[in-house]
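**Q** For reference, the sequence and a predicted model appear below.
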Amino acid sequence: IDYIIKEKTVLLQKKDSEGFGFVLRGAKAQTPIEEFTPTPAFPALQYLESVDEGGVAWRAGLRMGDFLIEVNGQNVVKVGHRQVVNMIRQGGNSLMVKVVMVTRNPDMEEGSRKKIPQQSKRLNTPAIALRSKSMTSELEEMGKKPEQQRCSRGRGLLKNPQQSISVKCTPAATRQPSTPSSALT
């Protein structure tokens, strides 16, 4: 098994004066939303970019990186960001969500793991640290500051001219993920 997938449904109850305590991010799909095909590593278009520690969502067991499967009984696997946010807001102070947490199986061989960029140090929860294959970390890698994205320009390439064809230097600005993000806090 490549991935360990844990599914849970929770009911969030908040007061008028507070939010649910999470930031929802719409993952940018390579294809139009209607053509999106869920995979074990990337089971839905919307996921929790962050969860406020101690907040309503945190106390209910939701964590950063959880993918949103249902909102108030409606499937949102292929639903766009703005629509999901509206569905959440329509529920007022109560919100029933089904999420899945995707964790990379730690027993996979080393070789298949090396292609994946390591997650940043600030993710200290063991379950999250294992999610190096998840969309969350890929977006985080893309969202890093430009100075962290090194790009070799020609040094050592002259020996083998064919090599230079495969080296692409993309301006850092174009690498920033243009995915919508909404704080429901």
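**A** In hand now; what should we look at?
**Q** For this structure, which segments are assigned as strands?
**A** All strands of the chain, identified by DSSP state E, fall at 3-13, 22-26, 46-51, 67-71, 74-75, 94-104, 181-184.
**Q** Out of the ones you listed, flag the one nearest Glu34.
**A** strand 74-75 (13.6 Å; C-beta to C-beta). Yep, even glycine has a C-beta here, placed from its N, CA and C like the rest.
**Q** in its sheet, what does that closest one sit against?
**A** strand 67-71 (antiparallel) (DSSP bridges).
**Q** what angle separates the partner strand from strand 94-104?
**A** Orientation note: strand 67-71 sits at an angle of 150 degrees relative to strand 94-104 (axes from the mean of the first three to the mean of the last three C-alpha atoms, to 10 degrees).
**Q** pLDDT on strand 67-71, on average?
**A** What strand 67-71 shows for mean pLDDT is 98.
**Q** do stretch 18-34 as well
**A** pLDDT averaged over stretch 18-34 gives 81.
**Q** Make 53 the starting number, not 1.
**A** From this message on, residue numbering opens at 53, which makes the last subject stretch 70-86.
**Q** Quote the end-to-end distance of stretch 131-149.
**A** One end of stretch 131-149 to the other measures 14 Å (C-alpha to C-alpha, to the nearest Å).
**Q** cool, stretch 98-111 as well?
**A** End-to-end span of stretch 98-111 (C-alpha to C-alpha): 20 Å.
**Q** Go through that stretch and flag the buried ones.
**A** Buried residues in stretch 98-111, counted by 16 or more other C-beta atoms under 10 Å: Gln98, Tyr99, Leu100, Glu101, Ser102, Val103, Asp104, Gly107, Val108, Ala109, Trp110.
**Q** Tell me which helix or strand in the chain has the weakest average pLDDT.
**A** helix 178-181 (a mean of 37; mean pLDDT, DSSP states H and E).
**Q** Of the buried residues of stretch 98-111, which is the nearest to Val152?
**A** Taking C-beta to C-beta as the measure, Val152 lies nearest Tyr99 of these, at 9.4 Å.
**Q** Could you check how far that closest one is from Lys66?
**A** Per C-beta to C-beta, to the nearest Å, Tyr99 is found 20 Å from Lys66.
**Q** try Gly78
**A** For Gly78 relative to Lys66 (C-beta to C-beta), the value is 22 Å.
**Q** Looking at the two, which is more packed in?
**A** Neighbour totals were compared for Gly78 and Lys66, and Gly78 leads with 22 against 17 (other C-beta atoms under 10 Å).
**Q** does that one have beta-bridge partners, and which?
**A** Gln98.
**Q** Go ahead and confirm it touches Gln135.
**A** No. The criterion here is C-beta atoms under 8 Å, and Gly78 misses it with Gln135 at 9.7 Å.
**Q** Poorly predicted segments of this protein, please.
**A** For the chain, residues meeting the criterion pLDDT under 70 lie at 53, 79-84, 159-231, 237.
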